[in-house]
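Q: The sequence isn't on hand, but the structure is:
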């Protein structure tokens, strides 16, 4: 491939990456107050974990990594109840 083709290929890839990021952020922003059924379970498991109940994060149904990330986000940033779901949507977007 020549330098011109490489530059064009890079620009096309960059364009699609940026477009994907913008569309993903737009979707996260539009649905920032929507709660899916399992969101509350993950938030509670994460909260239990960071309040000393470490066994609450391990079970056969829910993913412990999501609960850990949700709990860590809520513990570090301490959002109000109003901003809890937008914070979770931002975490999922990132």
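A: Perfect, thanks for sending it. Here the structure is a predicted model, which means the values were calculated and not measured.
Q: going forward, measure contacts between C-alpha atoms and count neighbours the same way
A: Will do.
Q: From the chain's centroid, how far away is the helix ranked longest in the chain?
A: Looking across the chain with DSSP state H, the single longest helix is helix 3-30. Centroid separation for helix 3-30 versus its chain: 20 Å, with CA atoms, centre = their mean, to the nearest Å.
Q: In terms of secondary structure, what does it contact?
A: When contacts are defined as 3 or more CA pairs under 8 Å, 6 or more residues apart in numbering; DSSP states H and E, helix 3-30 sits against helix 81-93.
Q: What's the mean pLDDT across the helix it packs on?
A: On average, the pLDDT along helix 81-93 is 87.
Q: for this structure, what are the low-confidence residue spans?
A: 1 (pLDDT under 70).
Q: The longest helix of the chain versus helix 81-93: what angle between them?
A: 150 degrees (axes from the mean of the first three to the mean of the last three CA atoms, to 10 degrees).
Q: can you pull the buried residues of helix 3-30?
A: Residues of helix 3-30 classed as buried by neighbour count (16 or more other CA atoms under 10 Å): 25, 28.
Q: Let me know the next secondary structure element after it.
A: Next along the chain after helix 3-30, taking DSSP states H and E as the criterion, comes helix 37-50.
Q: just checking, next helix/strand downstream of that following helix?
A: Next along the chain from helix 37-50, counting by DSSP H and E, comes helix 64-77.
Q: what comes into contact with that next one?
A: Residues from elsewhere that reach helix 64-77 (CA atoms under 8 Å, 6 or more residues apart in numbering): 42-47, 49-50, 57-58, 84, 87-88, 91.
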